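Asker: Predicted model follows, preceded by the sequence.
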Amino acid sequence: MILGIDVGGTHTDAVLMEEGRVRKKAKVLTDADRLLTSLSSAAAMVLDGEDPQKLRRVVLSTTLSTNAIVQGKVDKVGMILASGPGLSPADFRLEGAVHFVSGYVNHRGIEVAPIDREEIGRIARSFEREGIEHAGAVGKFSTRNPKQELAVKEIMGPRLKHVSLGHRMSGNLNFPRRAATACLNASVWGTYKRFAEDVQVFIREQGITAPVYILKADGGTFNIADSADFPVQTILSGPAASIMGVMSMVSGREDAVVLDMGGTTTDIAVLAGGVPLLEPLGVVIGGYKTLIRGMLTRSVGLGGDSAVKTTDDGLVIGPRREGVAAAFGGPCPTPTDAMIILGLTDIGDRRKALNAIGAVSQKLNLSVEDTAKRIFEQMCAEIAAHVRQMIDEVNRRPVYTIHEMLEDARLAPRMLYLVGGPAKPVSQCLGGLLGCPVCVPDHAEAANAVGAALARTTSEITLLADTERKTLFIPERGMQKSIPATCSMQEVVETGRELLRQAAVGMGADPEDLEMEVVEAQEFNMIKQFYTTGKNMRVKIQVKPGLISLCRKER
Amino acid sequence: MPMTAKRKKTALIFFPAFDWAISPTHPEREERLLYTQDQICEEGILDFDHITEYKPGIATLEDIDRAHICVPDAASVVTQSHLISAGGCITAADQVLTGRADNAFALVRPPGHHAMRVVHGARGFCNVNIEAVMIEYCRKKYGVRKIAVVDTDCHHGDGTQDIYWHDPNVLCISVHQDGRTLYPGTGFADEFGGPNALGATINIPLPPRTSDEGFLYVLDHLILPVLDEFKPELIINSAGQDNHYSDPITDMRFSAQGYAILNEKLAPHIAVLEGGYSIEDALPYVNVGIILAMAGIDYSCVKEPDFDPSALKQSADISRYIEKLVASIKNQWEKRDVMKEKLIGSAKHAVRKKSIYYDTDGIREEQEETVRICRDCGGLVTIDSATDTGNRIFAVVIPALCCPACRREGEEIYQKTAKGKYRSIYLQDKDKAVLFVK
């Protein structure tokens, strides 16, 4: 059996899965101030009368880090940035005590300017005076050579509780995002660590000895112990959980759109060949652009409870939700009320819905029925337009080789998956607008918890080989190795696969679940004065987001 | 740069062609833009809301035929990489001319400014002139009439000059290292445009070791005043980056700061990457400087790690030489109308003979170009071109915005010229943007 729990912003869902099927499910309201209470009560409901020893794994998706960041309930962070030449420090927007220090590593990982140890020491003492216990150290091109970040940590470490290092956040380039990611990581580190410890105590108290995993933004999991140092990886795992849930409920391998329609918003995600697309660089949270690998999702302010208003421009739906639908005693007309009138659903009080939509119909000078139709169709049309726009954006993404340019692989969805409250009523209309068949899976309302329960461990590795300097560097692991000058691309890829396998197994992956993919493999000759002096190779390999192999697990 | 600089919507078209090289150790090879890409990514430039990256389009053979006369035809002299690099420039122009962006930078390769009107092969790493392909596209699609190209590559932009030599509506200014000291060995101040378009070609050959000071002096005292007078609707910068002090195949002392200041002052609508082969030490910083300057972002911290202005300072001799050069070219520009009358006199036609070597492909071309003296348009051009590989062609070029007399004569000549000794006969109608071949 597997226990999956998604502690979301509004509800906490728990499922107990057996042989790939939902055996029990529970839903409780989330108490934002006591997430552990919400988690434990949902867990208790599905575990009641069960033998905790039969659990094979426990997976949690939690909104803790997301909420802390969005609501600003974070620790004050001191940031040390070795920004070198480039953008002006004035163009960085970071909260907290930000210090730009000397030191610079160039694009090949060569240290061009040293850091000033005394300067770092002075800043560490100033942090101490200001009561700052959490810091981030980030250098430009530190993913090519982390030496300076490590030195900063060594100098500051003894005076602080925690230092987040930029190169451990991601192997991707983007200094401002790396700085933001390290800053956010340091800011939630304390809060998250306490939560993770509490969760582990609770789990043991239940007599559960199965390993505990945490869901990440990319829809993959990692060990709860590993998560303590990288809490920022757990942000936005809610939408990822729903998408993984949908994947577990359907069998398609085609390009598809996943819509998770709630009361306030509709989240759009895209599957390419059955695999969720990830943000190219990283997710955005609380206005910060990060390097956190996460699913490509768009949240649109249109849901079943969106407020419907009439203005000079005509009918306006959303983006705000004023409360529940009028049919449930809410303050204003909503698409849900329109759907009730159109007979697409039979929930709520139809009379209240008629009254609310009636008020709109007078302003539009239409019958109540036609008004409901107009609201419903406009909402569907707007959602469809957002979906088309998102697909268009994906297809317009630049590519950098002639080969890719001519191949021109375009995303063309052949299926629409719908989950969430209004999924069934809108399915026919949206399918028609987007020109593809629609599927509303069973247990769609618990897709998030199911997704968490069944998500596999994911990991990513970046390898930078420089045969002139005879080095192989793996930024995410902070690992540097010597390689021979004759090292080939094939050898780099092989090394990468082995290291990724080890890392993923260490994070809790089943070795048989490691579906690896070489995301990027580029090889360039380096030339000085018309002679080849070496090769510069860049390789990125990932364990694809996906589902654990259920049958094998459960047998 | 003042912090109050206005932010501009900038479109970036980045196409490094990571799978294309002339040969494995040739300077025009796969990783030329690799470190530039690294620097752009690491600086997070694409995260600015007013900077947007666009995927390049692919130019069509018709796009190529509007700018060139390719022998035997466009399909034979271009590769996919050229079509994408020219397509990238077209995408850049589209963003600006539709108003989606205030300016655009096409960071594409392979480059193009050495490719001339007639193309028998590749010269100076170039097969097709990507700026000219873009200019002809802008004329056809958007009806742009007056265009200025400011070529800041260290090598004379001889291809662009050749294509627009007789065109009074396309001002070609090339500032480069003196042709006595560098490929292609042309671009002297007396190359000043054809008789119908005198002054629409301006060459500024600078002495080796000219630094930021010299380049910016030329910009302030010559280029900007000339542009003010010419009043182009569109300014294009052929943004070669081989004037950089670290470039391995040139001998200038321009810096990333210098390039950024130049771009801020010149304010081109479209910049197109040309040469620049210091791929590790210059390109990453120069390109970032140019992008920030175009987008109106503070570029004052963009400096090469080894940048030392005092070591790069130009000598007093060079400063004096440049001041004199600028004064003399300025004087020439101001007297262009008088010079033109003198040059034309009572002539009906003017002939120029060219011997062109395609260094990349090893082809020698002998060309005779005749222009009809015309006061109403750029003038009808006919070309007789033969190569040592045995290809001889004849071409009739009706200019953009042509007068009825030039059109009539051009159509007649095309009609009555028999194939005979020629492999093909071309009629390039730049006014109607079509090419006929027989």
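Answerer: Looks like it arrived, so ask away.

Asker: tell me the domain boundaries of chain A?
Answerer: Listed domain ranges for chain A are A:2-70+A:192-245, A:79-184, A:251-441, A:460-554 (source: automatic domain parsing).

Asker: and B:Val144, which of those domains is closest to it?
Answerer: domain A:251-441 (25.3 Å; Cβ to Cβ). Placement of C-beta: from N, CA and C, glycine included.

Asker: strands paired with the helix or strand where A:Pro319 lies, and their directions?
Answerer: According to DSSP states H and E, A:Pro319 maps onto strand A:314-321. Strands that pair with strand A:314-321, judged by DSSP bridges, come out as strand A:306-311 (antiparallel).

Asker: so how far is the strand it pairs with off the chain centroid?
Answerer: 31 Å (Cα atoms, centre = their mean, to the nearest Å).

Asker: Buried ones in that strand, by neighbour count?
Answerer: Across strand A:306-311, burial judged by 16 or more other Cβ atoms under 10 Å in any protein chain shown covers A:Ser306, A:Ala307, A:Val308, A:Lys309, A:Thr310.

Asker: What residues does the closest residue to B:Pro225 other than its chain neighbours make contact with?
Answerer: Spatial nearest neighbour of B:Pro225, chain neighbours left out: B:Lys330 (7.3 Å); criterion: Cβ to Cβ, 6 or more residues apart in numbering or on different chains. Contact analysis of B:Lys330 by Cβ atoms under 8 Å, 6 or more residues apart in numbering or on different chains lists B:His221, B:Leu222, B:Pro225.

Asker: Closest one to chain A out of those residues, please.
Answerer: Distance ranking of the contacts of B:Lys330 against chain A, using Cβ to the nearest Cβ, places B:His221 first at 29.3 Å.

Asker: mind saving the C-alpha coords of the strand holding A:Pro319 as CSV?
Answerer: The C-alpha coordinates for strand A:314-321 follow below in CSV (Å, rounded to 0.1, in the frame of the first residue of the first chain):
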residue,chain,number,x,y,z
GLY,A,314,-19.7,43.7,-21.9
LEU,A,315,-19.6,40.5,-19.8
VAL,A,316,-16.5,40.1,-17.6
ILE,A,317,-15.8,36.8,-15.9
GLY,A,318,-13.1,36.6,-13.2
PRO,A,319,-10.3,36.9,-12.4
ARG,A,320,-11.6,37.3,-8.8
ARG,A,321,-13.7,34.9,-6.8
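
Asker: Need the mean per-residue confidence for it.
Answerer: The predicted model assigns strand A:314-321 a mean pLDDT of 88.

Asker: what residues are up against the residue in the stretch 51-200 of chain B that chain A sits nearest to?
Answerer: Residue nearest to chain A within the stretch 51-200 of chain B: B:Lys55 (4.5 Å; Cβ to the nearest Cβ). The neighbours of B:Lys55, taking Cβ under 8 Å, 6+ apart as the test, are A:Arg396, A:Arg397, A:Pro398, A:Val399, B:Ile13, B:Thr91.

Asker: would you turn the residues you listed into TSV with neighbour count?
Answerer: Shown next, in TSV, are the contacts of B:Lys55 (neighbours: other Cβ atoms under 10 Å in any protein chain shown):
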residue	neighbour count
A:Arg396	11
A:Arg397	10
A:Pro398	16
A:Val399	16
B:Ile13	30
B:Thr91	23
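
Asker: can you put those in TSV and add pLDDT and secondary structure?
Answerer: Below are these laid out as TSV (pLDDT from 0 to 100; DSSP: H, G, I helix; E, B strand; the rest coil):
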residue	pLDDT	secondary structure
A:Arg396	83	coil
A:Arg397	80	coil
A:Pro398	76	coil
A:Val399	71	coil
B:Ile13	93	strand
B:Thr91	97	helix
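
Asker: Among the residues you listed, which one lies nearest to A:Ala240?
Answerer: A:Arg397 (20.5 Å).

Asker: Which residues are in contact with the closest one?
Answerer: So A:Arg397 contacts A:Pro280, B:Lys55 (Cβ under 8 Å, 6+ apart).

Asker: Would you list the phi and psi of it?
Answerer: phi -60, psi 130 (degrees, to the nearest 10).

Asker: likewise A:Gly303?
Answerer: phi -150, psi -180.

Asker: Check the burial of it by counting its neighbours.
Answerer: A:Gly303 is flanked by 26 other residues according to other Cβ atoms under 10 Å in any protein chain shown.

Asker: Tell me who's in contact with it.
Answerer: Applying Cβ under 8 Å, 6+ apart, the residues near A:Gly303 are A:Met261, A:Gly262, A:Gly263, A:Thr264, A:Thr265, A:Thr266, A:Gly318, A:Arg321, A:Pro335, A:Pro422.

Asker: Next: B:Ile163.
Answerer: With Cβ under 8 Å, 6+ apart, B:Ile163 has these contacts: B:Ala67, B:His68, B:Met116, B:Arg117, B:Asn129, B:Ala132.

Asker: let's see it at 10 Å
Answerer: B:67-68, B:113, B:115-118, B:129, B:131-133, B:135-136, B:149, B:157, B:170, B:172, B:397, B:430 (Cβ atoms under 10 Å, 6 or more residues apart in numbering or on different chains).

Asker: Which strand or helix spans it?
Answerer: Going by DSSP H and E, B:Ile163 is part of helix B:158-164.
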